[in-house]
Structures are given as structure tokens and as C-alpha cells.
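>>> Provide a 3D model corresponding to the input given below.
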Amino acid sequence: MNTTERIPNIFPIDPNLSPTQQPKPLHNRWHPDIPPIAQVKVNSVFRVDMIDFTGGQIKNDDNAEDVKSININKNHHLSGPFSVCDENGKPAKPGDLLVVELCDLGALPGHEWGYTGIFDRENGGGFLTDHFPNAAKAIWDLEGVYASSRHIPGVRFAGNIHPGLIGTAPSKELLEIWNERERKLLEEDIEKMSLAAVLHHRPMAMLPEPKEALLGAISRKSAEFQRIAKEAARTIPGRENGGNCDIKNLTRGSRIYLPVFVEGANFSMGDLHFSQGDGEVSFCGAIEMSGFAIMRCQIIRNGMDKYLSPMGPTKLHVNPIFEVSPLEPRYSEFLVFEGVSVDEYGKQYYMDASVAYKRAVLNCIYYFTKFGYTPEQVYLLLSCCPCEGRISGIVDVPNACATLAVPTAIFDMDVRPKVATQHVHVKVMKVSLPQCTYDGKLPTFPRKSQNDFE
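Numbers count the residues shown, from 1 in each chain. This is a model prediction of the structure:
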């Protein structure tokens, strides 16, 4: 790439404006009839700006009322869609693979900050919503490649800017598959679903919802708006088209191989993160930010047949391939926490990796409270710092084994266990985490004290 050339910004964003006031229209749903906002040719370098995933609902202050009362139906404000064509002007076709190469990413000037939040249990929740029902947030200052927070003192780490969400438009057939299978999931008896009992009080799925839908260039006043809004898929989960996969390694130098389901591919992106821990456990859980991406695209003709293997009843049941960047924060020393498929009540589950990962995260949270942090501070930290989650064992019945590795160098104190003959220097911290009073009626997981987890 010739850096002396002017790179066109095909989707500018002003983070001081609301989503509906932006120079180009945003969208927050998936649908094949949302028209592309611009067309790009393969190998041409272009820039796309992205607003933070809430569209500016979260403020840089010391109050979490904005997290508590957030309008979730508005979230995932996406830039795009962008149609892609080859050198001869022929668009990408269904069955092709779209290659998106991320050349550079960064914050918008004057907006070098981000946030991590815990959603209220009755308004989104999170992976540990049964333990943490209250809304809370931490604000992060972004200084070059590093992040630090006035709300979680004693921590500083290198980030890895990446889009949490990037994907292509679904075809009408694929959209119908999504809506049908997710509707059936909601119709299931929740009492028969073991995992739902472990991840309490979260929505099982989010079906199409016209309220607060943004459909790009399609006017809310047009006759087709209501039809599309009633069909359009929500952007919360990752699916066959890519979407909200939240893969923290997709930074500068990454390539993303996305299946093409409609003419032009019509890819969109957003939900930019400065840093994220594996799992993004608090749900509003990376360091969310506004920023930009510089990229270029290629088309692999008939690439779906060449490289992807359907894992379902149709040829549409495929998944993207990601070529991650060699650039990442370099940490060499970790504390690793283990979890197995046994829940907090002592109930045994069969090879359940979600239960195992939940236990690993809880083990980690309550370990770091011994150094003066509140459980909420650690929960937020694990969601956004460069920690590494693994399924370490998936064959040894009845337990899956999950691990969570936390780099020790992100702390300004020694957080390793000490032998009995050494004095442990416990750092007592002033709790400065913005919190909101939880006024719902759902109880937290019953525990008498922190010692119940020791």
C-alpha cells in the first residue's frame, strides 16, 4: 500500500452526532434488501469510520445510569453495507468468498477513550448475570497502544484494536433459516435445557424487532420499511455470515474470508474494540470505542465450494475463516485458572464447556479480590484485558476443562501466590467503580460470603 496516496473515507462518522444524524445512514439489522451505501473495487484501499456499538449512549463520566438504562434494541450501529466488485466491475456473486484485509485501525482524533460495562440483569445481563445483576462501568483512557482506567487502578495493558462485528448480508433463504431456528429455540421448554439453567435470566435469543430498527438508506417512512424491519435479523449473535463473533485477534494484518450470499456481498462492520478478553464475559465487555479501519478487499470466485464445508442441511450452513494478525500484545507470564463442568451448587454436568468456563472465570474473580479489588472490578477487567480463554480438555468424561490465563504484567503489583514464609503484600484499593442500584426483583446467586468460593 502506498501510504503517500490519499485514502478515501467512504463512510465518515462524527462521534458527536447521534446515529440518525450521521453523514451516511447506519443500520443495526441484517437483511438482504438493505441497499449498499457504497461500492469498492478489489485491491483498492479505503477507510471506514465506526461509531461505538451503542451509538453514543455511554458517556465518559462516573455514573453508570447510562449502562443501566441503555436501549439494547438500538445497539450495534453498523457502517455499510459495502458492495464489492472486481477490476472489470463485476460484483461478488453468491458462492464467492469475500476477503477483507485489515490494513490499519485506530481511534478517532479527540475520542481516545472507551468503556466497559456490566448490563443490568433485567436489561441484557451477561455471562455471570446471576452473580452480578447490577449495572456498572469502567472508563478507559487510550494512550497510544496502552489502556488504563481511573475506575480499576493499578492496571495498564496493551490493546489490540479490532472490529467485534464484520459480516456479509444474508440471502432471503438464509435469513429465513436464522429466524426459524431461533424462534424454535425460544419455544423450547427452558427447564429441559441444562445450559439455560446455568446462565440464568438472559434472553435465549432476540427475534426480529421493528422497534428502533435502522435500515440504512431505507427511509422509515417508506412502505417497505415495516416489511423489512419485521424480517430483519438482530445483530447480537455471530452466524454463518460472520457477524458479531468478537474475535480479539482480528487486528491490523488480519484477513477475513467471508461467504457471499447476495450479489455484491454487501458487507458491514462495527462494534470496534480497543481490547477484549476471550469470551467478552460481561457482554458490554470489551473496551468499546469509536474509530476507523483502513482495508482492502478481494474476491475468490466460487470460494465457498473450494474452501468451506457445509455443517448443516444446506450449502448455506457454512462459517467464515479468519487469518489472524501476527501483531498482538506480547505477555509471557500468566496466572491460569481452571474450571470444570460442575456448577456453583455442586451439580455435575456432562462435558459442558460453558459451565467449565464460568467456573474458571469465577475462580479468577475471587482470587483477585484478595488483592483489594471488588468482584465487579475484576469481572470488568477480565472482559477487556488480553486474557486467554481455552477449552483445555473436551474428551475426559464427565468434565470439560476450561482455563483462563491472565497476564501478570498488567498489574503494578505482584499478584502471584507466595509461600507461607513470605509476607503477602495485599494492596487495599479505594472502590471507585461507577455503580447503579439494582432495583429489580431477581435474587443473586445465594452465597453467604466470599469464603463460600474458597
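>>> so Leu381 sits against Pro153, correct?
No - using CB atoms under 8 Å, Leu381 is not in contact with Pro153, being 11.1 Å away. Just so you know, the C-beta spots here come from the backbone N, C-alpha and C atoms, and that holds for glycine as well.
>>> looking at the two, which is more packed in?
Ranked by neighbour count (other CB atoms under 10 Å), Leu381 and Pro153 place Leu381 first, with 26 against 17.
>>> mind listing the helices for this structure?
Shown for the chain, the helices assigned by DSSP state H span residues 65-68, 172-187, 194-198, 223-231, 303-307, 353-368, 375-384.
>>> what would those look like in a markdown table with mean pLDDT and distance to Lys211?
Output for the helices of the chain, formatted as a markdown table (pLDDT from 0 to 100; distance: least, CB to CB, whole Å):
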| stretch | mean pLDDT | distance to Lys211 |
| --- | --- | --- |
| helix 65-68 | 96 | 20 |
| helix 172-187 | 95 | 17 |
| helix 194-198 | 61 | 25 |
| helix 223-231 | 96 | 8 |
| helix 303-307 | 98 | 34 |
| helix 353-368 | 97 | 30 |
| helix 375-384 | 97 | 28 |
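>>> want to try TSV for these, with distance to Ala286 as columns?
As requested, those are exported to TSV (distance: least, CB to CB, whole Å):
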stretch	distance to Ala286
helix 65-68	14
helix 172-187	24
helix 194-198	23
helix 223-231	28
helix 303-307	29
helix 353-368	15
helix 375-384	5
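>>> and among the ones you listed, the most buried is which?
helix 375-384 (a mean of 26; mean count of other CB atoms under 10 Å).
>>> what does that one contact?
116-118, 128, 131-132, 134, 136-138, 140, 147, 151-152, 155, 273, 275-277, 279-283, 285-287, 361, 364-366, 368-369, 373, 404, 406, 431, 433, 435, 450 (CB atoms under 8 Å, 6 or more residues apart in numbering).
>>> got a list of contacts for stretch 304-320?
Against stretch 304-320 from outside (CB under 8 Å, 6+ apart): 95-97, 167, 171, 173-174, 177, 240-242, 245, 256-261, 300, 321.
>>> next, the distance between the ends of it.
Terminal residues of stretch 304-320 lie 9 Å apart, using CA to CA, to the nearest Å.
>>> pull the distance from it to the chain's centre.
Mean-position distance between stretch 304-320 and its chain equals 24 Å (CA atoms, centre = their mean, to the nearest Å).
>>> one more: stretch 74-83?
With CA atoms, centre = their mean, you get 15 Å for stretch 74-83.
>>> ok, stretch 313-332 next?
14 Å.
>>> let me see the mean pLDDT of that stretch.
Stretch 313-332 shows a mean pLDDT of 94 in the predicted model.
>>> flag every buried residue along that stretch.
Residues Leu316, Val318, Asn319, Pro320, Ile321, Phe322, Val324, Ser325, Pro329, Tyr331 are the ones in stretch 313-332 that count as buried (16 or more other CB atoms under 10 Å).
>>> so which of the helices of the chain is nearest Pro8?
Nearest to Pro8, of all the helices of the chain, is helix 303-307, at 26.3 Å by CB to CB.
>>> closest one of the buried residues of stretch 313-332 to Thr20?
When the buried residues of stretch 313-332 are compared against Thr20 (criterion: CB to CB), the nearest one is Pro320, at 30.2 Å.
>>> which phi and psi does that closest one have?
phi -70, psi 170 (degrees, to the nearest 10).
>>> distance check, it against His31.
Relative to His31, Pro320 is positioned 19 Å away (CB to CB, to the nearest Å).
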